[in-house]
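>>> Got a predicted structure here, sequence first:
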Amino acid sequence: MKFNFQLVKLFIRSFYSKPQQLALYIMLLIAMFYLALQYLGVNIMIYFLGTSEEYLFYNLFLSMGLTYILTAFFAVSVVYNQRDFNILSSLPISSKQIVIAKVISGLALPIIIVGVLQIPTYFLLFLKYGLMEIVQTVVFLTLTNVVTALFLLSILSISNRFRKLFPSSLLYLFTNTILAILIGISPFIYLITHQSEKIKLIIRSFKVSTSSDFFTAIANLLNMGYRLSMEETFIKAITTPLLTKASLIGFLIIVSILILICILLLIATVKNIAVNYYKNGLLENRVEKMPKISMYRTKNIWGYYLQREFWIIQAEPYFKMQIILSLILTPLFTIMFTVVVKMDLLKLQWIADNESHLFAYMILFLSCVNNISGTPYSREGKNYASSIVIPLDRRKVFLAKVTIASLISILSVLISYIIYMLFGNIDLLGLLLLLITFLLIINYNLLSPIYDMQHPLLKWKNPSEAVKSNPNVLISLVYGFPILMVIAFSHFCLLALNVSQWVVTINIAILTIVSTVILLFKVSKYRFKF
């Protein structure tokens, strides 16, 4: 057991180490504080606006949801990653010991973070419950979160068992990502499809005219949501042990059942991963595995610069995965937006009147937040040094990066518009809004890479560090987002003043054309010193 514990510490320190960059470390602390503050604020609001049962009910599903998200975001990268294979496979350690340590280390961060976030909310329980009831609540919530995390890991372990059937790491990573998303949203889809009419009634009843009405409406919304959820047998079965005042013997039986479920899920997860640990490790780390990069001969000088950017993206499966996720995110929200509007769930006439405008700006912002345009130089990594010595035109390198990022965003927008067209009608106004969206994407992508060009993060071992753990991602938003916000604000202010939609859209189109020309002129005159 001591050896396994040391192995767990090794994985935790290896994958959950403190960021080396001071700026990133400070932003991480601010983000954690902001998350804790939001979580506490939501729980306090539910506690004082709802009943004790409603508070426990929502607190349970908030903690389960947060645990699920953290497990999908952090633990999967530990448990199903084979970067440690070359080191551990040569040591006298069984694959089962390694996998157990990986699973425990993968569970550690989500459970600890959620547990720490829950501490302030537990003090609220002292206002209405005794010490024994509070202990029971804490134990039940903790075990439920462990079951949630292990459930996700056990499902993903099935795909890991058949890893050899996936021809590439990219397809395997993509499958796991989609699987985690589908499992996460399936309860909401089930509830919406089975209780759609009642959900519509709840949304229609949400009417606010004064501040006092707002809190009353929230309280009614919490109550109706609680009663609606409790009509589902599965949800009622999960929450009954928490909401019912069980005796000590009954509580011990519930705890024993939860522990038994955890053990069974842990055994299944470990068995599925360990059975092909060495085969999967060799598959992921084989020496001959080289990225398949397509290169084409071209006489056009721009073709070479564009191919160089494609080569950088193809060099790492993670970069290709980022592009795929960018292409998926916007169409996914398009479907959600279309369903909400067509079902008239919000019952707001202004949204119905300005549907095409809202849709255009929604997919604009979603297509720009893709971590691609903000880190084009950091993704080069070790290749950046050689690119400086090679006599390349720095302006063309920059514009090639802007072109690739813009094409990816434009493609996601086109897919979204095709989906939107299948559900609704796109007229000439919609096509003009599409043109504005394309131009604003180019505007954003001309500005967002500037900081990364000046301060690229090049020292990374894992490609995710160049994107996910790169502070340049957030800083790039400061460069690119203001122009989007100003134009969007101007657009909707004019619409609010009842100016003709055609007049507003034509003027905004002219404004975006002018801004695009100005930015391209500035780039052509900019002195690229790097």
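Cool, got the structure. Numbers count the residues shown, from 1 in each chain.
>>> Give me the three-state assignment for the residue nearest to the spatial centre of the chain.
Residue closest to the mean C-alpha point of the chain, counted by CA atoms, centre = their mean, is Phe73 at 7.8 Å. Here Phe73 is helix, with the state taken from DSSP: H, G, I helix; E, B strand; the rest coil.
>>> need the contact list for Leu477.
Val369, Gly374, Ser448 (CB atoms under 8 Å, 6 or more residues apart in numbering). C-beta coordinates here come from the backbone N, C-alpha and C atoms, glycine included.
>>> Among the residues you listed, which one sits closest to Leu107?
Nearest to Leu107 among those, counting by CB to CB, is Val369 at 29.5 Å.
>>> Next, Gly374: phi, psi?
phi -90, psi -10 (degrees, to the nearest 10).
>>> show me what contacts it?
Ser448, Pro449, Tyr451, Asp452, Asn472, Val473, Ile475, Ser476, Leu477, Gly480.
>>> So for the closest residue to Gly480 other than its chain neighbours, what's the pLDDT?
Leaving aside its sequence neighbours, Gly480 sits nearest to Ser448 (CB to CB, 6 or more residues apart in numbering; 3.7 Å). Among the per-residue scores, Ser448 shows a pLDDT of 88.
>>> again, but for Phe151
For Phe151, the model assigns a pLDDT of 91.
>>> thinking again about what came up before, with Leu414 as the reference, measure out to the residue nearest to Gly480.
For Ser448, the distance to Leu414 equals 20 Å [CB to CB, to the nearest Å].
>>> For those two, indicate the residue with more neighbours.
Ser448 (26 against 16; other CB atoms under 10 Å).
>>> Tell me how far that one lies from Asp393.
Counting by CB to CB, the gap from Ser448 to Asp393 is 21 Å.
>>> what do you get for Leu440?
27 Å.
>>> Neighbour count: those two, which is higher?
Between Leu440 and Asp393, Leu440 has the larger neighbour count (other CB under 10 Å), namely 27 against 12.
>>> Kindly export whichever strand or helix holds the more buried one (C-alpha atoms) in CSV.
Using DSSP states H and E, the element containing Leu440 is helix 428-447. What follows is helix 428-447 as a C-alpha-only set of coordinates in CSV (Å, rounded to 0.1, in the frame of the first residue of the first chain):
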residue,chain,number,x,y,z
LEU,A,428,-31.1,38.4,-47.9
LEU,A,429,-30.8,40.1,-44.5
GLY,A,430,-29.4,36.8,-43.1
LEU,A,431,-26.9,36.6,-45.9
LEU,A,432,-25.8,40.2,-45.2
LEU,A,433,-25.4,39.3,-41.5
LEU,A,434,-23.3,36.3,-42.6
LEU,A,435,-21.0,38.7,-44.5
ILE,A,436,-20.7,40.8,-41.4
THR,A,437,-19.8,37.7,-39.4
PHE,A,438,-17.0,36.7,-41.8
LEU,A,439,-15.6,40.2,-41.8
LEU,A,440,-15.6,40.4,-38.0
ILE,A,441,-13.9,37.0,-37.7
ILE,A,442,-11.1,38.4,-39.9
ASN,A,443,-11.0,41.6,-37.7
TYR,A,444,-10.7,39.5,-34.6
ASN,A,445,-8.1,37.1,-36.0
LEU,A,446,-5.9,40.1,-37.1
LEU,A,447,-5.8,41.4,-33.5
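>>> Distance from it to the middle of the chain?
25 Å (CA atoms, centre = their mean, to the nearest Å).
>>> Mind giving me the packing neighbours of it?
helix 355-368, helix 394-423, helix 472-496, helix 501-525 (3 or more CB pairs under 8 Å, 6 or more residues apart in numbering; DSSP states H and E).
>>> between it and helix 472-496, how many degrees?
150 degrees (axes from the mean of the first three to the mean of the last three CA atoms, to 10 degrees).
>>> from here on, count from 28
Renumbered: residue one is now 28, and that last one reads helix 455-474.
>>> After helix 455-474, which helix or strand is next? Please name it.
In N-to-C order, the element after helix 455-474 by DSSP H and E is helix 477-481.
>>> List of residues touching that next one?
Residues contacting helix 477-481 (CB under 8 Å, 6+ apart): 401-405, 425, 499, 502-503, 505-506, 555, 557.
>>> of all those, which two lie farthest apart?
Top of the distance list for the contacts of helix 477-481 (CB to CB): Val505 and Phe555, 20.6 Å.
>>> Need the pLDDT of Ile540.
92.
>>> The closest residue to Leu393 other than its chain neighbours is in what secondary structure piece?
Counting by CB to CB, 6+ apart, Leu393 lies nearest to Thr357, which is 4.7 Å off, once chain neighbours are set aside. Per DSSP H and E, Thr357 falls inside helix 344-369.
>>> Helix 382-395 and that helix, what's the angle between them?
Using the same axes, to 10 degrees, helix 344-369 lies at 160 degrees relative to helix 382-395.
>>> Report the buried residues of helix 344-369.
Buried residues in helix 344-369, counted by 16 or more other CB atoms under 10 Å: 344-361, 364-365, 368.
>>> Then stretch 534-550?
Ile535, Leu538, Thr539, Ser542, Thr543, Leu546, Val550.
>>> Would you mind measuring from the residue nearest to the first one when sequence neighbours are not counted to Ser383?
In other words, Ile535. Sequence neighbours aside, His518 is the residue nearest to Ile535 in space, at 5.1 Å (criterion: CB to CB, 6+ apart). Counting by CB to CB, the separation of His518 from Ser383 is 12 Å.
>>> picking that back up, highest mean neighbour count out of the helices and strands packed on helix 455-474?
Mean neighbours per residue, mean count of other CB atoms under 10 Å, is largest over those for helix 382-395, with a mean of 21.
>>> Quick one: residues in contact with that one.
Contacts of helix 382-395 (CB under 8 Å, 6+ apart): 353, 356-357, 360-361, 364, 368, 378, 436-437, 439-440, 443-444, 447, 451, 453-454, 456-457, 460-461, 463-464, 467-468, 471-472, 475, 507-508, 511, 515, 518-519, 522, 528, 532.
>>> now the angle between helix 421-450 and it, please.
Going by the same axes, to 10 degrees, helix 382-395 makes 140 degrees with helix 421-450.
>>> residues contacting the closest residue to Ile340 other than its chain neighbours?
In space, Ile340 comes closest to Phe346 once its chain neighbours are excluded; the distance is 4.8 Å by CB to CB, 6+ apart. Counting by CB under 8 Å, 6+ apart, Phe346 makes contact with Ile339, Ile340, Arg406, Pro490, Val494.
>>> surely the second one meets Ser353?
Which is Ile340. No. With contact defined as CB atoms under 8 Å, Ile340 does not count as touching Ser353 (11.5 Å).
>>> Grab the nearest non-local neighbour of Ser400.
Ala432 (3.7 Å).
>>> Surely that neighbour and Ile469 touch.
No. Using CB under 8 Å, Ala432 is not in contact with Ile469; the gap is 9.5 Å.
>>> Now render the helices and strands packed on helix 455-474 as TSV, adding distance to Leu285.
Shown next, in TSV, are the helices and strands packed on helix 455-474 (distance: least, CB to CB, whole Å):
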stretch	distance to Leu285
helix 382-395	39
helix 421-450	42
helix 499-523	39
helix 528-552	56
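>>> And those helices: which comes nearest Phe201?
So among these, helix 421-450 is nearest, using CB to CB, at 15.5 Å.
>>> for that closest one, what is the average pLDDT?
For helix 421-450, the per-residue pLDDT averages 86.
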